[in-house]
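> From the sequence below, what's the structure:
(chains A and B)
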Number of protein chains: 2
Amino acid sequence: MGHNTPRDTSPLVSVLTIDTMNPNVKNVEYAVRGPIVQRAVQIEKELREGMKKPFTEVIKANIGDAHAMGQQPITFFRQVLALCSYPELLKDNMFPEDAKSRARRILQACGGSSLGAYSASQGIDCVRQDVARYIERRDGGVPCDPDNVYLTSGASDGIVTMLKLLVCGEGASKTGVMISIPQYPLYSAALAELGAVQVNYYLNEEKCWSMDLSELERSLAEARKHCNPKVLCIINPGNPTGQVQSRQCIEDVIRFAAKEHLFLMADEVYQDNVYAEGCQFHSFKKVLFELGPQYSNTVELVSFHSTSKCYMGECGFRGGYMEVINMDPEVKAQLIKLVSVRLCPAVPGQALMDMVVNSPQPGEPSYTTFMKERTATLSLLAEKAKLTEEMLNTVPGITCNPVQGAMYSFPNISLPQKAIKEAKALGQAPDMFYCMKMLEETGICLVPGSGFGQKDGTYHFRMTILPPTDKLKLLLAKVKEFHQKFTRQYS
Amino acid sequence: MGHNTPRDTSPLVSVLTIDTMNPNVKNVEYAVRGPIVQRAVQIEKELREGMKKPFTEVIKANIGDAHAMGQQPITFFRQVLALCSYPELLKDNMFPEDAKSRARRILQACGGSSLGAYSASQGIDCVRQDVARYIERRDGGVPCDPDNVYLTSGASDGIVTMLKLLVCGEGASKTGVMISIPQYPLYSAALAELGAVQVNYYLNEEKCWSMDLSELERSLAEARKHCNPKVLCIINPGNPTGQVQSRQCIEDVIRFAAKEHLFLMADEVYQDNVYAEGCQFHSFKKVLFELGPQYSNTVELVSFHSTSKCYMGECGFRGGYMEVINMDPEVKAQLIKLVSVRLCPAVPGQALMDMVVNSPQPGEPSYTTFMKERTATLSLLAEKAKLTEEMLNTVPGITCNPVQGAMYSFPNISLPQKAIKEAKALGQAPDMFYCMKMLEETGICLVPGSGFGQKDGTYHFRMTILPPTDKLKLLLAKVKEFHQKFTRQYS
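Residues are numbered from 1 along each chain as shown, chains lettered A, B, ... in the order given. Here you go, the predicted structure:
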């Protein structure tokens, strides 16, 4: 017998087991949908089945999923999507003319005038042109070539694709990728999957999660001892940390990348999510060009955007784009080949991306409603950012930096030694232990800081600011109560 | 100076160049959107700019892109998509009740009742349940657990994800993956990217591209000398070869996989595209279960489906699912973790997948129209399959197997020695040389057989049967004329 005959009664040995599978995949971790979230789904099921709990509902503050938290879609976007999906509606009088003309323009650019045709792998031409014009407006006229724009399935797809191009080598010549700590775990997950070296640089929590040049230098020097660091990733506005980097900081980072010969990846999906007074979004591209041709002609940069965040919050459509700057033309040809294997990003997401970059203009029938909806959403987010910071800072043992932008607070939590010890005995990160307890006792689902990385000996959680104001207040009150109880219990 | 300072006037050395990029990505090839298609796009541009050509239009018969070739979407599907996109339309009287109830059901399963919320990474629960019921109906009652169903972004996404799990090892223990030759180049591209060993088995062109057990055995024995073959991929109905495998053949393949301890991957995206008399689609799963528990409890199988083909042709939505059978539970947990990094497949594509597996039923208001549209599309495809085979076989030097299913013909073409020599002098595959010449002279865009793999010394092209009948006739007449002229020219 042996492994060449089918087994009928003997215990099975599968071809694909935890021992025979791709070890890089095994090394992947993704806390935003990790064990806490799986337990939350289970608890929801238990509640539906009538199990008694000290709460009646799970509040998921673990993920930046705006519509799931009650944020309303932009009417204009959805009208155009309906028109594109079912063009019979173009004959109807219920839709405004600007929605119809946007839909016609997109359909004309689709094969057979259908969202159901494949697009070019790089994305629909006219959408890329609209993206380029949007970037030019955003950056005060810095030129953007549509050939440098690639539509993607959300920003994640673009980030993974770029890392895939960049990673190579073995041993000491293996590609190192510098990422911030705390980071958004897509980065660490993609690096694990690709077998690249994750090079950590720490954000400065004392200075509102800013980037320190000296820390970048330390991290790079350290990494050069054992790998080949080639890439520097920045998330601005920050996820999970909610900071908005200053223009000076961005300038420093670009000079550093130029000096150290690093490829820059700027994750700028929260570019419209800036709340704090005195803060402003500066795109890496704009700053790069303002530094002059010595930089703008040489530094390699890719910037990512998405339909999932900002005032749109359309995560489910998986729309996004990336712009590459100073990319070697031979590599661009390789990039086009690589993306063509997957044929194209979903076309409805491309259409949505187009509306984001080509939204109603003054004088168009939908302009007033669009602006009202956009402003209301962003104002509400700004209010909730403030509220979250303020309420968390009233809790003894919790310290929260201002939520300057993005959609998250990432407060520092003091945990009693006894709790830390108990967590470690269970083989759990102390903040995982804390968050799991909070979930079981209050129904609030947060992500422990250990899922994003943090300085040794510090503990955090990430909480979105997305729940409706009333629910957010309730949630913050419950967090306060839980934290106080937890502290008492383990002191 | 050196590489640690920015360069201003000296020639640039980029961080990312063709020499420093990921070598696996460099090895990727994808003919379906390769150089021929890029040249076709260029020619279209030249035509628009008024350049004179011996033709007025490029006919793209290179890719299975039904809507781009004029196939109409199914009305019911698009109505539901419009309703889901803009739920205000639910108040309108213009939509049939069954479309509204499908839309309500999908929206209820979405976070915040919005397509814009992330879904569970494995896909929306109720969609997976509908997929499971569809599979049970299709397979005559063989049970399907929704937990084994994963929604994907088209079938490509599922195939790449599964290969990612399966590939590991180095040198002689590196995973080998058996794929048919000719193959759909997603497979070779994914294997190149993952650095796996591609193990070729040849389909039998003389027997209408069937699978020979002896050839599988030869291929496997050969591969075992230098790698660790673990996976056997089958495309049925066949792409690019259009065959429909017999039940006996599928049974043989399953017994072979069981005996040789191979993981089966069945690409069944053309399951509704069966045209030839006497041919029938048999799912691998159904045959597996009919072989009895000795097989159905042990053989690991994953089957892929998509919204892109069959009578739907909705490629742009990137909808799809895979069902895994006998997958180790620990590996399933790893699979869920892996797909969660990309958050979720685009939700409109999931909604569309739901309609495909939960289409209008007898008695529902949309049933008659739905069936009429579905039948018309499939009948027309059957007609065009027959037409293509017959017309190609009238050309001396072209031999075409029956197009039993899928959407392609893959005829054998005789090329004169002089043409083969000239192609080789240009460093081109002879059938690439032939197809490129055809494109320049006639505007017809086909994919050379070398892009899919073929027996040494044989030449083919892949041509879709999708153009509208009139255009298809014209195209086939032009192919005939071109082939005769080419043969004369190089004889």
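
> Identify the residues contacting the host helix or strand of residue A:25?
Element membership for residue A:25 (DSSP states H and E) is helix A:23-26. Identification of contacts with helix A:23-26 by CB atoms under 8 Å, 6 or more residues apart in numbering or on different chains yields A:18, A:192, A:193, A:194, A:195, B:164, B:165, B:168, B:334, B:338. Where you see a C-beta, it was placed from the backbone N, CA and C, and this is true even at glycine.

> Please work out the average pLDDT along it.
In this model, helix A:23-26 has a mean pLDDT of 87.

> Please, where are all the helices along the stretch 301-450 of chain A?
Assignment of helices within the stretch 301-450 of chain A using DSSP state H, counting those that start in this stretch yields the ranges A:329-341, A:347-357, A:367-393, A:417-425, A:430-442.

> how about these, which one is nearest residue B:126?
Evaluated with CB to CB, the helices of the stretch 301-450 of chain A place helix A:347-357 nearest to residue B:126, the distance being 19.9 Å.

> list the helices and strands that closest one packs on?
helix A:75-85, helix A:97-108, helix A:125-138, strand A:149-153, strand A:319-325, helix B:347-357 (3 or more CB pairs under 8 Å, 6 or more residues apart in numbering or on different chains; DSSP states H and E).

> again, 7 Å this time
Applying 3 or more CB pairs under 7 Å, 6 or more residues apart in numbering or on different chains; DSSP states H and E, we find helix A:347-357 packed against helix A:75-85, helix A:97-108, helix A:125-138, strand A:149-153, strand A:319-325.

> between those, which gets nearest to chain B?
helix A:75-85 (3.7 Å; CB to the nearest CB).

> And the strands in chain A, which stretches?
Assigned by DSSP state E, chain A shows strands spanning A:59-60, A:149-153, A:175-181, A:197-202, A:228-235, A:263-267, A:301-306, A:319-325, A:398-399, A:408-409, A:412-413, A:444-445, A:447-448, A:461-464.

> Could I get the CA-only coordinates of the helix holding residue A:25 as CSV?
The C-alpha trace of helix A:23-26 is given here as CSV (Å, rounded to 0.1, in the frame of the first residue of the first chain):
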residue,chain,number,x,y,z
PRO,A,23,5.0,28.2,5.3
ASN,A,24,4.9,31.9,4.3
VAL,A,25,1.1,31.8,4.3
LYS,A,26,1.2,30.3,7.8
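
> and the helices of the stretch 301-450 of chain A as TSV, adding mean pLDDT and mean neighbour count?
Converted to TSV, the helices of the stretch 301-450 of chain A look like this (pLDDT from 0 to 100; neighbours: other CB atoms under 10 Å in any protein chain shown):
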stretch	mean pLDDT	mean neighbour count
helix A:329-341	91	19
helix A:347-357	97	29
helix A:367-393	96	17
helix A:417-425	95	14
helix A:430-442	96	22
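
> Please convert these to TSV, extending it with distance to residue A:127.
Shown next, in TSV, are the helices of the stretch 301-450 of chain A (distance: least, CB to CB, whole Å):
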stretch	distance to residue A:127
helix A:329-341	15
helix A:347-357	4
helix A:367-393	19
helix A:417-425	48
helix A:430-442	40
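
> what does stretch A:95-106 contact?
Contacting residues not belonging to stretch A:95-106 are listed as A:76, A:79-80, A:83-84, A:89-90, A:126, A:351, A:354-355, A:360, A:364-366 [CB atoms under 7 Å, 6 or more residues apart in numbering or on different chains].

> Near chain B, which residues of the stretch 201-350 of chain A are found?
Counting by CB under 7 Å from any CB of the partner chain, the stretch 201-350 of chain A comes close to chain B at A:230, A:258-263, A:294-295, A:298, A:300, A:313-318, A:326-328, A:330-331, A:334, A:337-338, A:340-343, A:346-349.

> now do the stretch 51-200 of chain A
The stretch 51-200 of chain A has residues A:63, A:65, A:67-70, A:73, A:78-79, A:81-82, A:85-86, A:89, A:111-112, A:114-119, A:121, A:153-154, A:156, A:164-168, A:186, A:189 near chain B, with proximity defined as CB under 7 Å from any CB.

> Just the buried ones out of the residues you listed, please.
Those of these that meet the buried threshold are A:63, A:65, A:67-69, A:73, A:78-79, A:81-82, A:85-86, A:89, A:111-112, A:114-119, A:121, A:153-154, A:156, A:164-168, A:186, A:189, by 16 or more other CB atoms under 10 Å in any protein chain shown.

> Now, the residues you listed that are in helices?
Using DSSP state H, A:78, A:79, A:81, A:82, A:85, A:154, A:156, A:164, A:165, A:166, A:186, A:189 are the members of these that sit in helices.

> Chain neighbours aside, what residue packs nearest to residue A:121?
Spatial nearest neighbour of residue A:121, excluding adjacent residues (CB to CB, 6 or more residues apart in numbering or on different chains): residue A:340 at 3.9 Å.

> what sits against the spatially closest residue to residue A:466 that is not a sequence neighbour?
Spatial nearest neighbour of residue A:466, chain neighbours left out: residue A:69 (4.0 Å); criterion: CB to CB, 6+ apart. Applying CB under 7 Å, 6+ apart to residue A:69 gives the contacts A:466, A:467, A:468, B:112.

> how about those residues in JSON lines, adding distance to residue B:40 and pLDDT?
JSON lines is the format used below for the contacts of residue A:69 (distance: CB to CB, whole Å; pLDDT from 0 to 100):
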{"residue": "A:466", "distance to residue B:40": "46", "pLDDT": "95"}
{"residue": "A:467", "distance to residue B:40": "51", "pLDDT": "94"}
{"residue": "A:468", "distance to residue B:40": "52", "pLDDT": "94"}
{"residue": "B:112", "distance to residue B:40": "43", "pLDDT": "94"}
